[in-house]
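1. Could you look at this predicted model? Sequence included:
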Amino acid sequence: MSVASRSASKRKRAQSLASKGGSQEAPRTGLWAVLLRIGAFALCIRFVYLWQIQGSPFLALRLGDREAYHQWAQRIAAGDWLGRGVFYQAPLYPYLLAIV
C-alpha cells in the first residue's frame, strides 16, 4: 500500500466520521473515564484499609527509616531548616512531613 493511498483512506475515514457527527477523540475520552474510575476505586480501597487498620497497635510503631524521617521532620518543624552535615537520605519527604 502506498503512502498516497494510506493518506487518502485516512482522509475518507475522517470525512465519514465528521459526516456522522463522530470524532476521532471519542476513544480517548473513554480511556480517561476508565482510568479515572480505576484511580477512584484504588483510592477507596486505600481508605477502607486505613479505616480498618486504625485500631492496630502497629500503626503508630516507627522503626528504621520511618523513625528517622519522623525525627528529622520534627527538627525541621522546630526551626532547624538546614540541619547539620550532608543529607544522607532524600530531603523532600521530611520537609513535607514537617509542613503537615
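-> Received, thanks. Keep in mind the model is a prediction, meaning the values are calculated, not measured. Residues are numbered from 1 along each chain as shown.
2. Following element in sequence after the helix or strand encompassing residue 46, please.
-> Taking DSSP states H and E as the definition, one finds residue 46 inside helix 26-53. Downstream of helix 26-53, the first helix or strand assigned by DSSP H and E is helix 65-77.
3. Identify each buried residue in whatever helix or strand comes next after that following helix, please.
-> Next along the chain after helix 65-77, taking DSSP H and E as the criterion, comes helix 92-99. Buried residues in helix 92-99, defined by neighbour count with 16 or more other C-beta atoms under 10 Å: 94, 98. All C-beta spots, glycine's among them, are computed from the backbone N, C-alpha and C.
4. From the chain's centroid, how far away is helix 92-99?
-> Centroid separation between helix 92-99 and its chain, computed with C-alpha atoms, centre = their mean, to the nearest Å, is 18 Å.
5. Now do that helix, average pLDDT.
-> Helix 92-99 shows an average pLDDT of 84 in the prediction.
6. Can you give the domain ranges for this structure?
-> If you go by automatic domain parsing, the domain ranges for the chain are 25-58, 62-100.
7. okay, those domains, which one's buried deepest?
-> Highest mean neighbour count among the domains of the chain (mean count of other C-beta atoms under 10 Å): domain 62-100, with a mean of 12.
8. Okay, now the unreliable bits of the protein?
-> Scanning the chain with the threshold set as pLDDT under 70 gives 1-27.
9. Try it again at 50.
-> For the chain, no stretch is flagged by pLDDT under 50.
10. how near is residue 70 to residue 62?
-> Going from residue 70 to residue 62 by C-beta to C-beta, to the nearest Å gives 5 Å.
11. gap between the residue nearest the centre of the chain and residue 63?
-> A centroid search over the chain (C-alpha atoms, centre = their mean) returns residue 39, at 8.8 Å, as the residue closest to the centre. Using C-beta to C-beta, residue 39 is found at 31 Å from residue 63.
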